[in-house]
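In: sharing a sequence plus its predicted fold:
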Amino acid sequence: MRVVIIGQAAFGKAVVEAIADAGKDEISGVFPPSPKEGAPADPISDAARARGIDVLMPGRYRSKAAIQAFCDLNADLCVMAYVTDIVPDEMLFYPRLGTIQYHPSLLPRHRGPSSINWPIIQGEAETGLTIFWPDRGLDTGPILLQKRVPIGHDDTVASLYFNHLFPLGVQAILESLDLIREGRAPKIPQAESDASYEGWCKAEHAKIDWGKPVDQVYNLIRGCNPQPGAYTTYRGQQLGIFDSQKMTGDVAVSPGTVMKITESGIEVSAGSGAIMIKRVQPPNSKKVPALEFASASEVKPGDRFGF
């Protein structure tokens, strides 16, 4: 098949490399996102050029120039590999065999742009990925295939993505191409009765309420790690909270109280338990070990976070 790829970042790069190296299909062109002035080339562009594949950057995907350049390739299939901009209908439906897209959740659950964050924040035990046929809705098209992934007790957005959803996603795209090439690719309608949608996970969602059950606090921290980053306040200033560990057992102090400081970090009370904070980001600073922050800021047992 003649395949055109729309994508970006490390995932898009890996998809280009995997399809090209498999040697079963011809990549007729790659569309990275519209370049920003002064920014380096997107990794997907580097991967394509290294393999002699045309990189087309005529502007936003909705521009007339981009649509025309896409149609001129006369591809059989379009593969969307991590796309954050709107791809117009003139591209989606132009290839003879249509378009397939990667989404890091088990559709129809967790439609939307932060589909890795929300299952962790909501305390779910499983997520996965979907390769689907996009239509005019948002993550609503029929399903080609899915892969299920357990969410470990200590998984963060980063570990879940890079250890599981990323490599399995590349593999799933290759499997999907095989099914399409062989004429065996299904189009299974999504069950709207099971559908859920969440928008971007932003800073407004990431503030820690230490009075909530420790499981909810821990899920929020790891579901925002590394982006957008959970946070609390300390002495009136915002403090980002990243790597952490859930501690169990009865706690007899008010939520948000610093219980002790160890080589591991700062132990802070929460509802029915505590959180060992291991890495933080003070204002206008890089991320640092919590013990380093505690020493520099003279944090001591009895201090309060979130006040």
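Out: Received the coordinates, thanks.
In: in stretch 89-99, what counts as buried?
Out: M91, L92, Y94, P95, L97, G98, T99 (16 or more other C-beta atoms under 10 Å). (Each C-beta comes from the backbone N, C-alpha and C, glycine too.)
In: with adjacent residues omitted, what lies nearest to the third one?
Out: When the adjacent residues along the chain are set aside, Y94 lies closest to C71, with 5.5 Å between them (C-beta to C-beta, 6 or more residues apart in numbering).
In: how about the buried residues of stretch 89-99 in JSON lines, adding pLDDT?
Out: Below are those laid out as JSON lines (pLDDT from 0 to 100):
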{"residue": "M91", "pLDDT": "97"}
{"residue": "L92", "pLDDT": "97"}
{"residue": "Y94", "pLDDT": "98"}
{"residue": "P95", "pLDDT": "98"}
{"residue": "L97", "pLDDT": "98"}
{"residue": "G98", "pLDDT": "98"}
{"residue": "T99", "pLDDT": "98"}
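In: which one of these is nearest to E124?
Out: Using C-beta to C-beta, T99 comes nearest to E124 of the buried residues of stretch 89-99, at 28.5 Å.
In: over to that closest one: give its phi and psi.
Out: Main-chain dihedrals, T99, degrees, to the nearest 10: phi -130, psi 140.
In: my guess is G128 contacts I151. True?
Out: No. Using C-beta atoms under 8 Å, G128 makes no contact with I151, being 9.8 Å away.
In: how close does the residue nearest to Y94 get to P88?
Out: According to C-beta to C-beta, to the nearest Å, C71 and P88 sit 11 Å apart.
In: cool, and S254?
Out: 54 Å.
In: of these two, who's got more company?
Out: P88 (16 against 11; other C-beta atoms under 10 Å).
In: just to check, the more buried one is in contact with S63?
Out: No. Contact criterion C-beta under 8 Å: P88 and S63 do not qualify, at 9.1 Å.
In: how is this protein divided into domains?
Out: As given by automatic domain parsing, the domain ranges for the chain are 2-194, 203-297.
In: nice, that's everything, thank you.
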